[in-house]
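3D model of this:
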Amino acid sequence: MFERFTPRSWTALEVAIATADQLGCPKAGSDHLVAGLAADPESVAARLLREHGADAGRISEALLARYPERRLGDVDADVLRELGIDLEEVRARVEDTFGRGALDAKHGRRRAWQLGFVRAAPGELDADLKRVVRNALGEAKRLHDSFIGTEHLLLGVLTLDFAGRTLLADLGVDLPALARSAEHRPAA
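Numbers count the residues shown, from 1 in each chain. All right, here's what the predicted structure looks like:
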């Protein structure tokens, strides 16, 4: 299944894990994935989230409010809001280790996962997020897509009543409208 992930989907999972780490959570959950989906402003999911009133800043603020006891030290809220993740740096590190295009090559992503460099390993995802990822595969199949993009991960979040869906609802997002937008997104 993971060989179908687009580079942006992989990065969203990596950012979700990094966000969980920053908040002191032992595993990444679906609410952390929402932050990961919003982090790359060029991704389909981030565009859809912004269009429906849930940009990366609002999502980060909501996560900080959700996990106030888990903040690390005196880390500046603005740094956490931006998640402290440079997506180009993540990609550059993967390519330095595994060669140019490692995230773009179907087997390169899988090999990076197997070697443990790509941090989005199943053991670092909580049970709910694992179900969201499986659900994203189902959404991709339902939409007749041969890949799992950020929009499929977003649909995976929206169709299961877990923390990520609740986070978006708490932000006032019209969940059915967001799901319709994700299903009928323009070709990327």
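
how about low-confidence regions in the protein?
1-2, 69-123, 186-188 (pLDDT under 70).

hmm, try it at 50
Along the chain, segments meeting pLDDT under 50 span 71-81, 87, 104-120, 188.

which parts of it are helices?
Under the criterion DSSP state H, helices of the chain are mapped to 7-22, 30-39, 44-51, 56-66, 77-81, 87-98, 106-114, 127-142, 150-158, 163-170, 175-183.

same list (those helices) but as TSV, adding mean neighbour count.
Where C-beta positions appear, they are placed from N, C-alpha and C, glycine not excepted. Converted to TSV, the helices of the chain look like this (neighbours: other Cβ atoms under 10 Å):
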stretch	mean neighbour count
helix 7-22	24
helix 30-39	30
helix 44-51	21
helix 56-66	18
helix 77-81	14
helix 87-98	14
helix 106-114	16
helix 127-142	19
helix 150-158	29
helix 163-170	20
helix 175-183	16
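
any idea how far Gly57 is from Ile156?
Careful, residue 156 is Gly; it's not Ile. 23 Å (Cβ to Cβ, to the nearest Å).

and for Leu153?
Taken as Cβ to Cβ, the span from Leu153 to Gly57 is 20 Å.

same check, this time on Ser43
From Ser43 to Gly57 the distance is 16 Å (Cβ to Cβ).

what of Thr6?
24 Å.

got it, and Val132?
From Val132 to Gly57 the distance is 23 Å (Cβ to Cβ).

same thing with Gly138?
Distance of Gly138 to Gly57, computed by Cβ to Cβ: 31 Å.

torsion angles phi and psi at Ser43?
Per-residue torsions, Ser43: phi -80, psi 160 (degrees, to the nearest 10).

surely it meets Val15?
No - between Ser43 and Val15 there is no contact under Cβ atoms under 8 Å: 10.5 Å.

which residues do these two both contact?
Common contacts of Ser43 and Val15 (Cβ atoms under 8 Å, 6 or more residues apart in numbering): none found.

which ones are touching Asp126?
Residues near Asp126 by Cβ under 8 Å, 6+ apart: Lys27, Ala28, Gly29.

in TSV, list the residues you listed along with neighbour count and distance to Asp161.
Compiled in TSV, the contacts of Asp126 are given as follows (neighbours: other Cβ atoms under 10 Å; distance: Cβ to Cβ, whole Å):
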residue	neighbour count	distance to Asp161
Lys27	17	19
Ala28	28	18
Gly29	22	13
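
now intersect these with the strands, please.
Using DSSP state E, no member of the contacts of Asp126 falls in strands.

mind putting those in a markdown table, distance to Ala179 included?
Formatted as a markdown table, those follow (distance: Cβ to Cβ, whole Å):
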| residue | distance to Ala179 |
| --- | --- |
| Lys27 | 25 |
| Ala28 | 22 |
| Gly29 | 20 |
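
ok, those residues vs His52, which is closest?
Nearest to His52 out of the contacts of Asp126 is Gly29 (Cβ to Cβ; 20.6 Å).

that closest one against Ala163, yeah?
Yes - applying Cβ under 8 Å, one finds Gly29 in contact with Ala163, separated by 5.1 Å.
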